[in-house]
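Asker: coords please:
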Amino acid sequence: MVAGQPPKHDRGAFLPAWPVSGQFGAPWWAVVAGAAALAVAGAIGLAWVATDYGLIVGFGILAALVALVAAISDVRAGLWVAIAIITILPFAVIPVRVGVTLTALEALSLLVLAVWAARVLLYRDHLVPSSLPAALITLLLTVTLFAFLLGVGRGYTAQTYHDYAKFLMAIGLVFVVWTSIRTLSDHRRLLNVVLLGGSISAAIGLIFQALGPGFAERMLAQLIPLGYPDVRIVRFIEDDPGRAMRLVSTSVDPNSAGGMLAIVFVIGAAQLISRQPLIARWLCLVAVPLTGLALLLTYSRGAWLGAAAGLAIVALLRYRWLIPVGAAGLAGLVVLGIGAAFIERLWLGFTLQDPATVLRLSEYRNALAIIQEYPFFGVGFGDAPSIELQAGVSSIYLTIGQQTGFLGLIAFGLAVGAIALAGFAWWRHRRDSVAGDLMLTLLAVLAAILTIGVFDHYFFNIQFPHMAALFWIMAGLIVALARPVYEPEPDVR
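Answerer: So this is what the prediction gives:
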């Protein structure tokens, strides 16, 4: 590159080589160690396959060691692996117990956070910027910790402590993303992995739907050695086998599957219609129909509305031609009777006529009663304080209020609001650029998540750390792009 010439932005590239720069690159000994690790992994994997554990565990060992080398050599590559786990095998555990059973995402998050912390100590310019979002996220972590400690004694088990630790690590990834994703190419590569992983998950789910519940149950049962459940493997609407099967892919829960697919769908759709997309259009053209159809088949109404809210943000802020096109398309579907089952399910939810909605209303009343009784720090992350009340509600806002009180809810609202405002203010001055359209995409994703949060709890639930991690990774991309210290470089190579 000629001196003084700005680096060229290779917008069409997919995953160009390795995310290497002068400060992040792996030394030669890491490459040698990686090759040796892969050789050892092959031998161990073949030996394991010869036992009763089967082929899946053998390949799991290979994949784990590849992930280990990737995360150690570059923290950004570690984030890629985390995204792959979140989208494809979110509940997989390491089939070797060392005191506790670690999930693959938990072990990877520990490694990524350790590598990131070491890098922060070595490079002072990689500290988290002093800013209002950083302070408010720290405040949120502090309030949740205080509420957790106050709740000790309310039915906590060893699993509760373990789940809360995973939850803290999931939130901690926002700081890793914030300080590690420093260029537009970094953003593109990570989002490419999100789209690819989400598309793979959607394709798996669609194959299961096409071949029926019997096939889906047999295939998903193969994941039992990796910690997947051996009951309720296949899900149906209202748990009635006489009704439609809900798409779960490898996400266990159809609602959380819908939330993940909604995020991927919004990213792909927003970039597809962008005037200056960062992500290759061919990848969006693959991801949007796959994740869109899979999202519908989850029958998760909260995820449907979240995806619609994300696209509404894109339309209202920049691409207003989408409004009449979307309205005409929706009217056409209603008139022609296409997708009548989906429209009927959505209508039953709006009119409070189906059992799932009635149950949600009961949960809301229960949660409000708990918040009224424990308004400041909630009841923690264990059981409800009395047998008349029950913990658990399908809303992240009521979940936060129930577990951490109004202080936690306020801290969450301020933290997310500060992130959204920082992103919006940055976007207003750069809307006519590749980075501007990228920021609009990320703000649409945040809107989708916050809308889904009205109807579901998994983005702030210690039993779904992978969804919490996905939420905070997306939030981290916003503040990384809006970093006020410098303009993001187009490329690092």
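Asker: For the most centrally placed residue in the chain, give its distance to residue 259.
Answerer: With distances taken as Cα atoms, centre = their mean, residue 470 lies nearest the centre of the chain, 2.2 Å away. As for residue 470, its distance to residue 259 is 8 Å (criterion: Cβ to Cβ, to the nearest Å). Where you see a C-beta, it was placed from the backbone N, CA and C, and this is true even at glycine.
Asker: residues shared between the contacts of the two?
Answerer: Counting by Cβ atoms under 8 Å, 6 or more residues apart in numbering, the shared contacts of residue 470 and residue 259 are residue 459.
Asker: tell me which element the residue nearest to the centre of the chain falls in.
Answerer: In this assignment (DSSP states H and E), residue 470 forms part of helix 465-481.
Asker: got the CA coordinates for that helix in PDB?
Answerer: What follows is helix 465-481, C-alpha atoms only, in PDB (Å, rounded to 0.1, in the frame of the first residue of the first chain):
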ATOM      1  CA  PRO A 465     -26.200 -17.800  29.100                       C
ATOM      2  CA  HIS A 466     -25.700 -18.200  25.400                       C
ATOM      3  CA  MET A 467     -28.500 -15.800  24.600                       C
ATOM      4  CA  ALA A 468     -27.200 -13.300  27.200                       C
ATOM      5  CA  ALA A 469     -23.800 -13.600  25.500                       C
ATOM      6  CA  LEU A 470     -25.300 -13.000  22.100                       C
ATOM      7  CA  PHE A 471     -27.100  -9.900  23.400                       C
ATOM      8  CA  TRP A 472     -24.000  -8.400  24.900                       C
ATOM      9  CA  ILE A 473     -21.900  -9.200  21.900                       C
ATOM     10  CA  MET A 474     -24.300  -7.200  19.700                       C
ATOM     11  CA  ALA A 475     -24.200  -4.400  22.300                       C
ATOM     12  CA  GLY A 476     -20.400  -4.500  22.200                       C
ATOM     13  CA  LEU A 477     -20.400  -4.100  18.400                       C
ATOM     14  CA  ILE A 478     -22.400  -0.900  18.800                       C
ATOM     15  CA  VAL A 479     -20.100   0.700  21.300                       C
ATOM     16  CA  ALA A 480     -17.000  -0.600  19.400                       C
ATOM     17  CA  LEU A 481     -18.200   1.100  16.300                       C
END
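Asker: Quick one: mean pLDDT over that helix.
Answerer: What helix 465-481 shows for mean pLDDT is 95.
Asker: Report the buried residues of it.
Answerer: Residues 465-481 are the ones in helix 465-481 that count as buried (16 or more other Cβ atoms under 10 Å).
Asker: Check which helices and strands it sits against.
Answerer: Under the contact criterion of 3 or more Cβ pairs under 8 Å, 6 or more residues apart in numbering; DSSP states H and E, helix 465-481 touches helix 75-88, helix 104-122, helix 158-180, helix 184-221, helix 254-272, helix 396-428, helix 434-455.
Asker: quick one: residue 256 and residue 468 touch, right?
Answerer: No. The pair residue 256 and residue 468 fails to qualify as a contact (Cβ atoms under 8 Å) at a distance of 10.6 Å.
Asker: Residues that sit against both of these two, list them.
Answerer: Residues touching both residue 256 and residue 468 (Cβ under 8 Å, 6+ apart): residue 458.
Asker: what kind of secondary structure is residue 377 in?
Answerer: Recorded secondary structure, residue 377: coil (DSSP: H, G, I helix; E, B strand; the rest coil).
Asker: contacting residues around it?
Answerer: 143, 146, 147, 150, 404, 405, 407, 408.
Asker: cool, residue 275 as well?
Answerer: Neighbour list for residue 275: residue 437 [criterion: Cβ under 8 Å, 6+ apart].
Asker: Pull up the gap between it and residue 328, please.
Answerer: 22 Å.
Asker: Kindly report the same for residue 243.
Answerer: Per Cβ to Cβ, residue 243 is found 31 Å from residue 328.
Asker: how about the nearest residue to residue 84, chain neighbours excluded?
Answerer: In space, and not counting its chain neighbours, residue 84 is closest to residue 197: 5.1 Å by Cβ to Cβ, 6 or more residues apart in numbering.
Asker: just checking, the one you found touches residue 88?
Answerer: Yes. Using Cβ under 8 Å, residue 197 makes contact with residue 88 at a distance of 5.5 Å.
Asker: Who has more neighbours out of those two?
Answerer: Set residue 197 next to residue 88 and count neighbours by other Cβ atoms under 10 Å: residue 197 wins out with 21 against 17.
Asker: OK, contacts around the more buried one?
Answerer: Residue 197 makes contact with 83, 84, 86, 87, 88, 264, according to Cβ under 8 Å, 6+ apart.
Asker: how about these, which pair is most distant?
Answerer: Farthest apart among these by Cβ to Cβ are 84 and 264. That separation is 12.7 Å.
Asker: if you count what's nearby, which of these two comes out ahead?
Answerer: Legend: neighbour count by other Cβ under 10 Å for residue 84 and residue 264, higher for residue 264 (29 against 22).
Asker: just for the stretch 1-150 of the chain, where's the confidence low?
Answerer: Regions of the stretch 1-150 of the chain meeting the criterion pLDDT under 70 cover residues 1-64, 96-99, 124-126.
Asker: how about the helices in it?
Answerer: 28-49, 55-73, 75-88, 104-122, 132-150 (DSSP state H, counting those that start in this stretch).
Asker: What's the separation between the spatially closest residue to residue 228 that is not a sequence neighbour and residue 101?
Answerer: Nearest residue to residue 228 in three dimensions, chain neighbours excluded: residue 91, at 5.8 Å (Cβ to Cβ, 6+ apart). From residue 91 across to residue 101, the span is 12 Å (Cβ to Cβ).
Asker: hey, what's in contact with both of those two?
Answerer: Residues touching both residue 91 and residue 101 comprise residue 227, with contact defined as Cβ under 8 Å, 6+ apart.
Asker: Mind checking which of these two has more residues around it?
Answerer: Neighbour totals were compared for residue 91 and residue 101, and residue 91 leads with 21 against 14 (other Cβ under 10 Å).
Asker: The more buried one reaches residue 252, doesn't it?
Answerer: Yes. With contact defined as Cβ under 8 Å, residue 91 reaches residue 252; the gap is 5.6 Å.
Asker: what sits in contact with each of those two?
Answerer: residue 228.
Asker: Run through the stretch 351-493 of the chain and note the low-pLDDT ranges.
Answerer: By pLDDT under 70, the low-scoring segments of the stretch 351-493 of the chain are 386-389, 484-493.
Asker: pretty sure residue 407 is in contact with residue 374, am I right?
Answerer: No. Counting by Cβ under 8 Å, residue 407 stays clear of residue 374, with 11.0 Å between them.
Asker: what's the overlap in contacts for the two?
Answerer: By Cβ under 8 Å, 6+ apart, residue 407 and residue 374 have no common neighbours.
Asker: hang on, residue 368 in a strand?
Answerer: No. Per three-state DSSP, residue 368 lies outside any strand segment and is helix.
Asker: which residues touch residue 382?
Answerer: Neighbouring residues of residue 382 by Cβ under 8 Å, 6+ apart: 151, 152, 153, 154, 155, 156, 160, 391.
Asker: now stretch 359-378: how far from the chain's centre is it?
Answerer: Mean C-alpha position of stretch 359-378 versus that of the full chain (Cα atoms, centre = their mean, to the nearest Å) differs by 26 Å.
Asker: Sweet, I'm off.
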